[in-house]
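Trainee: Provided below are the primary sequence and the corresponding predicted coordinates.
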Amino acid sequence: MQRTHMSLYYLIGYLIPGGTALLTFPQLTLKLFFSNTDYGDVLPRLVGMLMLALGIIILQVVRHRLEAL
């Protein structure tokens with residue numbers, strides 16, 4: 001189970017900062033991701049919100065050591 005927890009840290013490491021970046025600065029974040037298409041502001045913020053929510057759920061799984069999940 002130790003390796004599973006270590007692999008979840010990787011998910012937390014990119015979901016929470018990536019989601020926060022897309023929520024706060026969507027155009028700059030997309031530019032840093034080398035995107036050359038204009039997605040507007042709504043879709044990147046929605047994706048950022050979903051990434052942040054998934055990152056928080058995984059963080060809680062690791063924090064509570066839920067082995068069944």
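Mentor: Arrived safely, thanks for sending. Residues are numbered from 1 along each chain as shown.
Trainee: hey, let's count contacts and neighbours off CA atoms from now on
Mentor: OK.
Trainee: just the element for the residue nearest to the spatial centre of the chain, please.
Mentor: For the chain, Leu15 is the residue whose C-alpha lies nearest the centre (Cα atoms, centre = their mean; 1.8 Å). In this assignment (DSSP states H and E), Leu15 forms part of helix 2-24.
Trainee: and the helix or strand sitting right after that helix along the chain, what does it pack against?
Mentor: Going down the chain from helix 2-24, the next helix or strand is helix 26-32, by DSSP H and E. With contacts defined as 3 or more Cα pairs under 8 Å, 6 or more residues apart in numbering; DSSP states H and E, helix 26-32 has these neighbours: helix 2-24.
Trainee: and the helix it packs on, what's its mean pLDDT?
Mentor: Summarised as a single mean, pLDDT over helix 2-24 is 90.
Trainee: what packs against it?
Mentor: helix 26-32, helix 42-63.
Trainee: residues near Leu52, how many?
Mentor: Residues contacting Leu52 under the criterion other Cα atoms under 10 Å number 23.
Trainee: could you check how far it is from Pro26?
Mentor: Counting by Cα to Cα, to the nearest Å, the gap from Leu52 to Pro26 is 14 Å.
Trainee: to Leu11, which of the helices and strands packed on helix 2-24 lies closest?
Mentor: Leu11 sits nearest to helix 42-63 of all these, at 7.1 Å, using Cα to Cα.
Trainee: what sits up against the closest one?
Mentor: In this structure, residues lying in contact with helix 42-63 by Cα atoms under 8 Å, 6 or more residues apart in numbering are 5, 8, 11-12, 15-24, 26, 69.
Trainee: let's go with 7 Å and repeat that
Mentor: His5, Ile12, Leu15, Ile16, Gly18, Gly19, Thr20, Leu22, Leu23, Pro26 (Cα atoms under 7 Å, 6 or more residues apart in numbering).
Trainee: report the angle between it and helix 2-24.
Mentor: Helix 42-63 runs at 150 degrees relative to helix 2-24, counting by axes from the mean of the first three to the mean of the last three Cα atoms, to 10 degrees.
Trainee: much appreciated, bye for now.
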